[in-house]
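Colleague: missing the sequence, but the structure's below:
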């Protein structure tokens with residue numbers, strides 16, 4: 001499964017979350033705790049395995065990163 005996908009097909013959400021998380025010097029584990037989500041959720045979203053997280057999940061991540069949900073979605 002997923003053999004068609006290349007690193008370029010990663011969603012904007014994945015790239016934005018990773019960029020914002022790294023800018024704040026947070027580990028995936030720390031972000032998961034701040035966002036009250038499982039580490040697995042963060043890893044799956046950032047790796048592109050979950051390209052369409054729920055709005056509730058995005059709101060938690062945005063809050064943990066101190067940004068708006070729009071910031072996570074932008075191209």
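Modeller: Received it, and whenever you're ready, just let me know what you need. Owing to the predicted nature of the structure, the values given are computational and were not obtained by experimental measurement.
Colleague: next, residue 50: secondary structure please.
Modeller: coil (DSSP: H, G, I helix; E, B strand; the rest coil).
Colleague: that one: neighbour count?
Modeller: For residue 50, the tally of surrounding residues (other C-beta atoms under 10 Å) stands at 18. (Glycine included, C-beta is placed from N, CA and C.)
Colleague: what do you get for residue 66?
Modeller: With other C-beta under 10 Å as criterion, residue 66 counts 10.
Colleague: just the terminal-to-terminal distance for stretch 64-75.
Modeller: In stretch 64-75, first residue to last residue: 20 Å (C-alpha to C-alpha, to the nearest Å).
Colleague: neighbouring contacts of it?
Modeller: With contacts defined as C-beta atoms under 8 Å, 6 or more residues apart in numbering, stretch 64-75 is touched by 12-13, 16-17, 20-21, 24, 26, 31, 34-35, 55, 58-59, 61-62.
Colleague: go with 7 Å
Modeller: For stretch 64-75, contacts defined as C-beta atoms under 7 Å, 6 or more residues apart in numbering pick out 12-13, 16-17, 20-21, 24, 31, 34-35, 58-59, 61-62.
Colleague: that one: which residues count as buried?
Modeller: Neighbour counts over stretch 64-75 (16 or more other C-beta atoms under 10 Å) mark 64, 65, 67, 72 as buried.
Colleague: and which of those is nearest residue 48?
Modeller: Residue 48 has its nearest neighbour among the buried residues of stretch 64-75 in residue 72, at 13.9 Å by C-beta to C-beta.
Colleague: how close does the closest one get to residue 51?
Modeller: 13 Å (C-beta to C-beta, to the nearest Å).
Colleague: returning to what we had before: of the contacts of stretch 64-75, grab the buried ones for ChimeraX.
Modeller: Command for ChimeraX that selects the buried part of those, burial taken from 16+ other C-beta under 10 Å:
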select :13,16,17,20,21,31,34,35,58,61,62
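Colleague: show me the buried residues of stretch 64-75 that map onto strands.
Modeller: Secondary structure from DSSP state E places none of the buried residues of stretch 64-75 in strands.
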